[in-house]
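A.B. asks: Provide a 3D model corresponding to the input given below.
(one chain, ligands or ions: 4)
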Amino acid sequence: QYLSGNEIRNIFLGFFAQREHQILPSASLVPEDPTVLLTIAGMLPFKPIFLGQRTPEFKRATTSQKCIRTNDIENVGRTKRHQTFFEMLGNFSFGDYFKEQAIAWGWEISTQVFGISPQNLVVSVFKDDDEAFGIWRDQIGVPIARIKRLGEDDNFWALGPTGPCGPCSEIYYDFYPERGDENIDLEDDSRFIEFYNLVFMQYNRDASGNLTPLQNKNIDTGMGLERMAQILQKVPNNYETDLIFPIIQTAAEIAGIEYHKSDEKTKVSLKVIGDHVRSVVHMIADEIRASNVGRGYVLRRLIRRVVRHGRLIGISSEFTTQVAETAIALSESAYPNVRQREAAIKAELQREESNFLRTLDRGEKLLEEIIQEVKQQGNTKISGESAFTLYDTYGFPLELTQEVAEENNLTVDEAGFDAEMQKQVERAKAAHETIDLTVQGSLDKLAEHIQVTEFLGYTQSAATAKVE
Ligand code: ATP
Ligand code: MG
Ligand code: MG
Ligand code: MG
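C.D. replies: Numbers count the residues shown, from 1 in each chain. Ligands and ions are numbered 1, 2, ... in the order given. Predicted structure coming up:
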């Protein structure tokens, strides 16, 4: 009886299409903007428009944009609301409607269309944005106790140190309105979840920090699809929505366990798998290949975490392609490119997984010995040298050593590791072995300067050609 994730996406796009927004397809996870590693928000494909570098074909647009935020990687499975991969629903105005209209539609779609009771909503505005405060209070009728003024960190948005910027207003769901309006703390995520952010791009910031009003004011918004699904499907976190849970169930089945009967730690592993498999499926579908640099390294790291968490829940055989199949099936209707790339996705996963399993076997034995030794000596820290040996000789990434260390209540001497790495670089220089580094350096640069369409074809051959 609850709306499915696919229905929520369609309803959102349809609502804004009815209000003269052009529905545009999700852009690639590989941004056109060469300075950005991965698409992190719905606005990114429109950045040239906001900067005045491109004239928009439409004054209004609406999208469901696939996003990856690696800065949320540590939150995955630990908070109820963060994944690395998520879809951001957005409505955009390019010099057309502004604050009043964006707030009115934001409220209408939340309450009338998705049927959330106004009692369950709290909004925030930027502390100095009296205009937004007034609109929420007078036009929408939100009680003032439920309009919170927040500071720069949360509620002021900027495209960069200079350029277009402006205040935001967020809409939060309140799971426990009966707790009253006196103690509203929007940071308390056991009670509140932010699901919709409205950005009012109204200023230009110059090099000395002065704000001048923009002639063409823009609206940029983002609603987390999985968060809306969590709210409407009445599940305790984004992971148990129909957008992610089937992936978790596939992994649990392979492991021979049940999610709902599992302990917290196992649930975290299942959630990591559920999220990361979505990420990697979409990344490979968008032509990213595993490597040791840039977005290729993000992909490799995510795949390795999937494998690693699979082992933690007792999966000893190769399993990523089977779990990926569920993720592919789930995204089929909204993202047809994923099924089209099925063969490439599975081949890439399989190769990375088997390579990594070999690495793991060798490294894990050594790491176990190191951990025993550290514990016997009454220490709590794995030395930088040990971590570096694992990395250098066994291909064990530092993050992995850190994760295993953490599981044993130990830490890793990161500065020591960096020092060893530095020594290695010096040694390599001395031995005239700079060739590998040069290759990596130019790959880095190449990846950064290549446009999306060219990037699709470049992967191996162009890179080699350039290096030669
Ligand atoms: P939070 O404060 O919860 O980390 P945010 O303020 O970083 O969210 P925005 O940058 O405002 O998020 O992005 C707009 C919307 O995208 C958010 O309101 C939320 O619904 C969704 N969103 C952001 N980050 C994530 C994530 N890691 N996983 C799932 N949804 C997300
Ligand atoms: Mg965030
Ligand atoms: Mg926030
Ligand atoms: Mg926000």
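A.B. asks: compute the first-to-last residue distance for stretch 218-234.
C.D. replies: Start-to-end span of stretch 218-234 (Cα to Cα, to the nearest Å) is 34 Å.
A.B. asks: are whichever helix or strand A61 is part of and ligand 1 in contact anywhere?
C.D. replies: Per DSSP states H and E, A61 falls inside strand 60-68. No: using Cβ under 6 Å from any ligand atom, strand 60-68 stays clear of ligand 1, coming no nearer than 7.3 Å. Just so you know, the C-beta spots here come from the backbone N, C-alpha and C atoms, and that holds for glycine as well.
A.B. asks: next helix or strand past the helix or strand where E325 lies?
C.D. replies: For E325, the host element (DSSP H and E) is helix 320-331. Tracing the chain past helix 320-331, the next element assigned as helix or strand by DSSP H and E is helix 336-340.
A.B. asks: list the buried residues for the next helix or strand after that next one?
C.D. replies: Proceeding N to C from helix 336-340, the next assigned helix or strand is helix 342-376, under DSSP H and E. Buried residues in helix 342-376, counted by 16 or more other Cβ atoms under 10 Å: 342, 345-346, 348-349, 352-353, 355-357, 359-360, 363-364, 367, 370-371, 374.
A.B. asks: helices and strands around helix 342-376, which ones?
C.D. replies: Judged by 3 or more Cβ pairs under 8 Å, 6 or more residues apart in numbering; DSSP states H and E, the packing partners of helix 342-376 are helix 264-285, helix 294-312, helix 320-331, strand 381-382, helix 384-394, helix 398-407.
A.B. asks: one more time with 7 Å
C.D. replies: The helices and strands touching helix 342-376, judged by 3 or more Cβ pairs under 7 Å, 6 or more residues apart in numbering; DSSP states H and E, are helix 264-285, helix 294-312, helix 320-331, helix 384-394.
A.B. asks: average pLDDT for the shortest one?
C.D. replies: Think helix 384-394. Average pLDDT, helix 384-394: 90.
A.B. asks: same check, this time on the first one
C.D. replies: When pLDDT is averaged over helix 264-285, the result is 98.
A.B. asks: so which bits of it are buried?
C.D. replies: Going by 16+ other Cβ under 10 Å, helix 264-285 has these buried residues: 266-285.
A.B. asks: could you check the angle it makes with helix 320-331?
C.D. replies: 70 degrees (axes from the mean of the first three to the mean of the last three Cα atoms, to 10 degrees).
A.B. asks: start to end distance for stretch 70-87?
C.D. replies: Between where stretch 70-87 begins and where it ends, there is a gap of 14 Å, by Cα to Cα.
A.B. asks: and K80, which of the three is it?
C.D. replies: coil (DSSP: H, G, I helix; E, B strand; the rest coil).
A.B. asks: that one: neighbour count?
C.D. replies: As a burial measure, K80 scores 18 neighbours (other Cβ atoms under 10 Å).
A.B. asks: what's the pLDDT at it?
C.D. replies: 97.
A.B. asks: walk me through the domains of the protein.
C.D. replies: Segmentation of the chain into domains, based on automatic domain parsing, reads 5-233, 244-365.
A.B. asks: kindly reformat the helices and strands packed on helix 342-376 as TSV containing distance to ligand 1.
C.D. replies: As requested, those are arranged in TSV below (distance: least, Cβ to the nearest ligand atom, whole Å):
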stretch	distance to ligand 1
helix 264-285	9
helix 294-312	14
helix 320-331	16
helix 384-394	28
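A.B. asks: before we move on, back to that, now the helix holding E325, how far from the chain's geometric center?
C.D. replies: The chain centre lies 19 Å from the centre of helix 320-331; the measure is Cα atoms, centre = their mean, to the nearest Å.
A.B. asks: convert the C-alpha atoms of it to CSV, please.
C.D. replies: Taking C-alpha atoms only, helix 320-331 is exported to CSV below (Å, rounded to 0.1, in the frame of the first residue of the first chain):
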residue,chain,number,x,y,z
THR,A,320,29.6,-9.8,-6.1
THR,A,321,28.2,-10.6,-9.5
GLN,A,322,25.2,-12.3,-8.0
VAL,A,323,24.5,-9.4,-5.7
ALA,A,324,25.0,-7.0,-8.6
GLU,A,325,22.4,-8.8,-10.6
THR,A,326,19.8,-7.7,-8.0
ALA,A,327,21.0,-4.1,-8.2
ILE,A,328,20.9,-4.2,-12.0
ALA,A,329,17.4,-5.5,-11.9
LEU,A,330,16.3,-2.8,-9.5
SER,A,331,17.6,0.0,-11.6
